[in-house]
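Task: produce atomic coordinates for the following.
(2 chains)
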Amino acid sequence: MSDPFLLFDLLLAGAVIALAIATLTVRDLFAAIILFVIFGLLSALAWVRLSAPDVALAEAAIGTGVTGALLLKTLHHLRYVTGSLGTNAVESLSPVQPVPAGVSWANAAFCGLITLGLATAFLGAPHAGPGLEGLVAEAMPASGVSHPVTGVLLNFRAYDTLMEVVVLLAAVIAVWQIERGLSDAPAPALGEVWEGFARLTLPAIIVVGTYLLWKGSEAPGGAFQGGAVLAAVGLMLLLSRLYVPRPAHRAVARWAFVLGTGVFAGVALLVASGGRVAFEYPLEHAKTLILLIEGLVTISIAVTLAALFHGREPVAVPAERGDNDA
Amino acid sequence: MMIDPLTLSIFVPLFGAILTFVFPRVATVSALLAVLGTCGAVFVLALKILAAGEVLVPLGGWAPPLGITLRADGLSVAMLAMTALVGLLVSLGALESLRDLRQRQYFWPLWLLLLTGMNGVYLSTDLFNLYVMIEVIALGAVGLTVLSGTREAVRAGLEYMYASILGALLFLMGVGFIYLQIGRLDFAGLIAAEASGATSAALALMVVGLLLKTALFPLHFWLPAAHANATAPASALLSGLVVKAALYIFLRLSTYMPLPDETLVTLIGALGAGAVLWGGVQALRTERLKLLVAWSTVVQIGLIFIAFARAGQAGLTESWKAAAVLILAHGMAKAAMFLAAGRIKDEVGHDRIADLDKSEIRPTLAQFTFAIAAISLIGLPPSLGFIGKWSLMEGAMAAGYWHWVAVTMIGTLMSVAYFSRVFAGFLRFDRMRGELSEHKGWALADVAPLTLAAAAISLGLMAAPILSFIELGYPFGAAP
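Model (predicted):
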């Protein structure tokens, strides 16, 4: 790499490691989550430096944004059920039981062994090993799209991507079936400033998310990144109470969850006729089909992530707690 | 025939899951149709395998290493068939045993997604695809674990999820390093790759992840609570089928990338021996019936790894067959036993082993099912479990590894001892004075486990065709 960036890279690497250690050692859970979010953002920067902008976008949107929101929501829930909501964060150190020393040592030994394995595997590996880049570049003209990552994700290895979307579907079904999900902790009261902020940012987020999706066929971006950004719209709507999930919305939500998986799998099977196998898109329609799949998958991802943030199936709540179901 | 049976055996349960989730009112019917459809696809596939030995489908028309190819051979179809049979019967059993509306509504989509993932594992020839599939399995399985909704089940499900995700991440790291090393992810690339320290370390990472997922001692800590606290059909699926997916991947990988030396094979066997002994002791000590059955799963997993290691590194070309037969036998017998245990718990109202003989109600058929499932798990002739144990010991004796024979014998005696604790409760009804109400008619829920247990016993008579079937397509021979 070029010299001017060497210092920057060293600082970045040092900061990522320091933040990881700080996240693990800090006692205050709120601080740990914030450190984790910063850790994620710097990791995204590291991915940019490693020339992997797609991974960087995913890390920033999903690994940091959505995960951070989920962690904060969980902390809010934990504080509510342990009765420490509203007290000073540092005093309510951890609602979680301390781990026995024996377990800690066993964990440390296990992690040590894993690190040893990682180190051996890393040190023995070639630094610029053979990859599939050549094959991918060769096959790109037949993929229907021009961005290699999209070609791999939506055509060459579309089967893997379909199953990744299935993983998300399985997650939301698993979360919905837990009745002991997030309890009816009162949502934090958001002031007028917040609502104004939401009003200003919502259109911008929608544009950014859609743009990420649209650019995906020729530049870094795509369904997962776009979906995660659009999920932020859902998070804002939920937090600002502009949208409150009701039991009557469940049917629509179910359709939205399965939309991406269903269309992706349906297209895969529908193209499989006349000597073709599943996922073998005819070249003249490949781009249309891939954009259609990506668009619908984006909707499903956005709705699913927002539903995961909500954390439970919307159920009818008793009248006296009627406004606490978010 | 428009779409090949390999694709169908993955997509039919997937569409079934979608339909059952979107239309909860007709969930049961569409789920049963999906399971039946999957059985049909597997049957057609088995016929193809009998004729051709192996079937390949390059998805998207892209040949590996660029694309992903589905491949079926004797072993994978045997696993698919076992999964389909157990799945169908557990589904039938679930019709009656899931009383709660909520449970019924969510059982079907989760179980069908699980089936999608497992069938995907058995047909996969690509390391990263295997990772994605075990993630699908993990989330479906965690969902099923917490389906009963009790506090204990949710806690056990959380532990299971942590263990499962950790295992999957270790596997993924190993996959990453394999790609860094050899530049491709398909099995053919693995076979062609030269063994080196770095690939061995990557393999070790993957194997540790898989052992965590399949719950080999001492990484079994999550299993007993998770399997014992789930509802009966979920327990049957988790114990009979889910742990087998990681086991199957281990079997495949260990022959494509042979374990580098004899010590490691012995270590795997030693962990198996640890599982047999520790699990046996725990099964002797536990007070609850379902926990006893769960500990017996820990024992059986250990036994499968002993079968794998029975004749050392040189014997691996044959030993995998003994392990595979034990996998098939355990799948059927354990599913039958968990369903029967669930029936007993439902009828008697509790599952405390000490009080089983003080009950007013005798769930006779479930007890009978439990006993004949135990016959296969103990390994008495003519059951399939006996065939597996026999070929384990035969191979160990031929190689002169008497220590594996000794451990297997001790494990067998222990299994007789802990299952006898339950049988004693079934038999000694003289303690109960007063009115005994016999079971009230046979329920559909009894038929499914009885059929499974009978299959586990009677398939032992078909051992020779089964053994020659799993060899079709030379699963462990030349490159696919």
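
where do the helices sit along the stretch 301-450 of chain B?
Ranges of helices in the stretch 301-450 of chain B, per DSSP state H, counting those that start in this stretch, are B:316-348, B:364-378, B:384-398, B:402-427, B:444-458.

Sorry, slip of the keys, the one I care about is the stretch 51-200 of chain B.
Here the stretch 51-200 of chain B has its helices, by DSSP H, counting those that start in this stretch, at B:74-97, B:101-123, B:127-145, B:151-182, B:187-192, B:197-214.

Which residues outside stretch B:217-229 are in contact with it?
Contacts to stretch B:217-229, defined as C-beta atoms under 8 Å, 6 or more residues apart in numbering or on different chains, come from residues B:145, B:148, B:150, B:152-153, B:155-157, B:159-160, B:162-164, B:208, B:211-212, B:215, B:235, B:238-239, B:243, B:271-272, B:274-275, B:278-279, B:282, B:288, B:290-291, B:293-295, B:297-298, B:301-302, B:338. Quick note: C-beta positions are derived from backbone N, CA and C, even for glycine.

from the residues you listed, which are also near chain A?
Among the contacts of stretch B:217-229, the residues lying close to chain A (C-beta under 8 Å from any C-beta of the partner chain) are residue B:208.

By mean pLDDT, flag the weakest helix or strand of chain A.
In chain A, no helix or strand scores lower on mean pLDDT, DSSP states H and E than helix A:192-215, which sits at a mean of 79.

End to end on stretch A:40-59, go ahead and measure it.
End-to-end distance of stretch A:40-59: 7 Å, with C-alpha to C-alpha, to the nearest Å as the criterion.

so how far is that stretch from its chain's centroid?
14 Å (C-alpha atoms, centre = their mean, to the nearest Å).

Stretch B:281-289 now?
Offset of stretch B:281-289 from its chain centre (C-alpha atoms, centre = their mean): 21 Å.

how about it: buried residues?
By neighbour count with 16 or more other C-beta atoms under 10 Å in any protein chain shown, stretch B:281-289 contains the buried residues B:282-283, B:286, B:288-289.

Need the contact partners of it.
B:224, B:228, B:292, B:295-296, B:298-299, B:341, B:344-345, B:351-354, B:356, B:414-415, B:417-418, B:421-422.

at 10 Å what do you get?
By C-beta atoms under 10 Å, 6 or more residues apart in numbering or on different chains, the residues outside stretch B:281-289 that reach it are B:220, B:224, B:228-229, B:291-299, B:337, B:340-342, B:344-345, B:348, B:350-356, B:370, B:414-415, B:417-422, B:425.

do stretch A:268-277 as well
Stretch A:268-277 is contacted from outside by A:158-159, A:162, A:263, A:278-282, A:285-286, A:289, A:293, B:2-4, B:6-8, B:11, B:14-15, B:57-62, B:67, B:69-70, using C-beta under 10 Å, 6+ apart.

Which of the contacts of stretch B:281-289 are buried? Put it as a PyMOL command.
Buried members of these, defined by 16+ other C-beta under 10 Å, are picked up in PyMOL with:
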select buried, chain B and resi 220+224+228+229+291+292+293+294+295+296+297+298+299+337+340+341+342+344+345+348+351+353+356+370+414+415+418+419+421+422+425
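
Comparing the helices of the stretch 301-450 of chain B, which comes out most buried?
Burial of these is given as mean neighbour count (mean count of other C-beta atoms under 10 Å in any protein chain shown); helix B:316-348 ranks first at a mean of 26.

by how many degrees do it and helix B:384-398 diverge?
Interaxial angle of helix B:316-348 relative to helix B:384-398 (axes from the mean of the first three to the mean of the last three C-alpha atoms, to 10 degrees): 150 degrees.

Determine how far helix B:316-348 lies from the middle of the whole chain.
7 Å.

Likewise for stretch B:148-162?
Mean-position distance between stretch B:148-162 and its chain equals 20 Å (C-alpha atoms, centre = their mean).

May I see the buried residues of it?
B:148, B:153-154, B:156-157, B:159-161.

Can you tell me which of these lies closest to residue A:306?
If you rank the buried residues of stretch B:148-162 by distance to residue A:306 using C-beta to C-beta, residue B:161 comes first, at 21.4 Å.

Run a quick check on that closest one versus residue B:140, I expect a contact.
No - contact between residue B:161 and residue B:140 fails when scored by C-beta atoms under 10 Å: they sit 11.6 Å apart.

Spit out the residues that contact these two alike.
Common neighbours of residue B:161 and residue B:140 (C-beta under 10 Å, 6+ apart) are residue A:174.

Low-confidence stretches in chain A?
Where chain A drops to pLDDT under 70, the residues are A:1-2, A:84-97, A:127-129, A:180-192, A:217-218, A:274, A:316-326.

so where do the helices sit in it?
A:4-25, A:29-49, A:53-58, A:67-81, A:101-124, A:133-139, A:148-151, A:158-176, A:192-215, A:223-239, A:250-270, A:283-310 (DSSP state H).

out of these, which comes closest to residue B:469?
Closest approach to residue B:469 among these (C-beta to C-beta): helix A:158-176, 27.0 Å.

contacting residues for residue B:67?
By C-beta under 10 Å, 6+ apart, the contact list for residue B:67 reads A:135, A:139, A:152, A:155-160, A:277, A:279-280, B:58-61, B:126, B:186.

Stretch A:143-154 near chain B at all?
Yes - using C-beta under 10 Å from any C-beta of the partner chain, stretch A:143-154 reaches chain B at A:143, A:151-152, A:154.

between those, which is nearest residue A:17?
Using C-beta to C-beta, residue A:152 is the member of the residues of stretch A:143-154 next to chain B that sits closest to residue A:17, with 30.2 Å.

shaky segments in chain B?
Along chain B, the model assigns pLDDT under 70 to residues B:1-2, B:428-442, B:475-480.
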